[in-house]
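Novice: let me see the structure of the following:
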Amino acid sequence: MNKKRLLIFGIGLAIAFGFVSYLRKDTPKLHHVTGQTMGSIWYNVKYVGAEVDGLDQEIAEELVAFNQSLSTYIPSSEISRLNKSGSLTFESDYFFPVLQKSKEIYRNTDGTFDPSIGPLVQAWGFGPDKKIPTLDSLKVDSLKSIIGFDQVIFDEDGVSVPENFQIDFSAIAKGYAVDVIGELLESKNIARYLVEIGGEVRCRGENDEDKPWSLGIEDPTTTPNEQRLMAIVRLKDLSLATSGNYRNYYEQNGEIYAHIIDPRTGYTAKHNLLSASVFAPDCMTADAYATAFMVLGLDYSREIIKVRDLDAILIYRSNNGIESFVSEGIQPFLEMNMASGN
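Specialist: All right, here's what the predicted structure looks like:
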């Protein structure tokens with residue numbers, strides 16, 4: 001090969017390498033942002049595309065502002081001040097939407113999703129103080145008299161509650177925070193992402209392999225050290241939230257007390273439903289319904305799933321062992337590690 005041909009060959013090779021490098025540079029990449037919020041809860045944000053400078057800081061700041069509005073663990077938060085004074089003029093954009101959604105789900109579940117259940121949550125030892133309670137029926141009945149979300153009055157400017165009311169959004173806050181971060185990403189023109197906070201998830205678009213995002217649903221019968229998956233679901237443009245009694249509970253005098261409180265009775269919910277995983281376009285809706293289903297139990301939850309056009313996986317204990325109900329809409333995207341039925 002003479003020098004001229006060698007030169008042409010070398011230039012062509014350089015152009016080819018440059019073109020490949022250009023394609024690689026232009027190929028969407030997966031980026032990962034992680035941190036902690038709401039005390040010790042981890043968040044994970046994955047997005048596909050060009051890296052956004054400073055996004056990790058913006059996410060952290062957004063979550064700090066979110067908690068400063070809605071966390072009952074922060075004495076100076078908006079919700080803490082509402083619970084102390086009985087009224088609040090909104091200072092942030094977070095409060096009004098969660099009140100609207102809570103009212104919607106409260107009505108759709110016959111009052112079983114009720115953020116005014118704060119006094120009962122605290123009394124049963126699942127509030128900020130985490131004191132193991134000593135309750136009798138008289139105390140429970142007394143606390144029931146100061147709950148009921150239908151008594152919460154609000155508009156776009158502010159909210160007021162009756163005397164001694166305590167609002168607690170812990171059953172919807174993680175899902176709502178997921179949506180808030182998802183909307184932050186969309187404001188940055190990020191269309192392909194996954195946001196996860198404490199197990200609640202929102203997905204948009206496809207992952208970096210141009211496939212739906214794969215998510216695991218935990219087996220509620222395992223111990224925290226085992227953490228075995230009961231199902232894998234592949235989602236695109238959906239949110240997922242799971243609620244269950246299998247992690248947050250305590251035992252006293254041989255009795256198990258779970259963190260899901262039934263506002264109708266004032267006691268912890270007791271039935272054969274072990275966990276509820278709900279799918280909805282937004283994570284706040286999924287989170288609220290998942291909590292409500294853990295109050296309602298299997299049969300009534302299935303009725304609401306049908307009426308409200310929701311998708312869900314309900315894992316329950318029967319005489320035959322551990323079984324599951326999987327709604328029709330989610331079945332094509334689900335791989336179960338156990339027998340399931342409808």
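Novice: what strand or helix carries residue 81?
Specialist: Here residue 81, judged by DSSP states H and E, is contained in helix 78-85.
Novice: quick one: mean pLDDT over that helix.
Specialist: Helix 78-85 shows an average pLDDT of 96 in the prediction.
Novice: the stretch 1-150 of the chain: helices as residue ranges?
Specialist: 3-26, 55-70, 78-85, 95-108, 118-123, 137-144 (DSSP state H, counting those that start in this stretch).
Novice: confidence-wise, which of the ones you listed is weakest overall?
Specialist: The minimum mean pLDDT among the helices of the stretch 1-150 of the chain belongs to helix 3-26 (a mean of 45).
Novice: run a quick neighbour tally on the closest residue in space to residue 115 that isn't next to it in sequence.
Specialist: Nearest residue to residue 115, sequence neighbours excluded (CB to CB, 6 or more residues apart in numbering): residue 102, at 4.9 Å. Quick note: C-beta positions are derived from backbone N, CA and C, even for glycine. For residue 102, the neighbour count with other CB atoms under 10 Å is 24.
Novice: was I right about residue 102 contacting residue 289?
Specialist: No - taking contacts as CB atoms under 8 Å, residue 102 lies outside contact range of residue 289: 11.8 Å.
Novice: mutual contacts of those two, please.
Specialist: Common contact partners of residue 102 and residue 289 (CB atoms under 8 Å, 6 or more residues apart in numbering): residue 113.
Novice: gap between the residue nearest to residue 115 and residue 208?
Specialist: In this view, residue 102 and residue 208 are 36 Å apart by CB to CB, to the nearest Å.
Novice: could you do residue 123 as well?
Specialist: 47 Å.
Novice: look at these two and report which has more neighbours.
Specialist: residue 123 (20 against 15).
Novice: close enough to count as contact, that one and residue 141?
Specialist: No - using CB under 8 Å, residue 123 makes no contact with residue 141, being 11.7 Å away.
Novice: buried stuff in stretch 276-289?
Specialist: Across stretch 276-289, burial judged by 16 or more other CB atoms under 10 Å covers 276-280, 282-289.
Novice: and if you look at stretch 309-320?
Specialist: Buried, per 16+ other CB under 10 Å, within stretch 309-320: 310, 311, 312, 313, 314, 315, 316.
Novice: restricted to strands, list those.
Specialist: The strands, defined by DSSP state E, take in 311, 312, 313, 314, 315, 316 from the buried residues of stretch 309-320.
Novice: is the second one bridged to anything, and to what?
Specialist: Legend: beta-bridge partners of residue 312 under DSSP bridges are residue 278.
Novice: cool, the one 5 residues further on as well?
Specialist: Under the criterion DSSP bridges, residue 317 forms beta bridges with residue 322.
Novice: wait, it sits on residue 270?
Specialist: No - with contact defined as CB under 8 Å, residue 317 does not reach residue 270; the gap is 11.9 Å.
Novice: looking at it, residue 233 is touching residue 330, isn't it?
Specialist: Yes - taking CB under 8 Å as the definition, residue 233 is a contact partner of residue 330 at 6.9 Å.
Novice: which residues do the two both contact?
Specialist: Between them, residue 233 and residue 330 share the contacting residues residue 313, judged by CB under 8 Å, 6+ apart.
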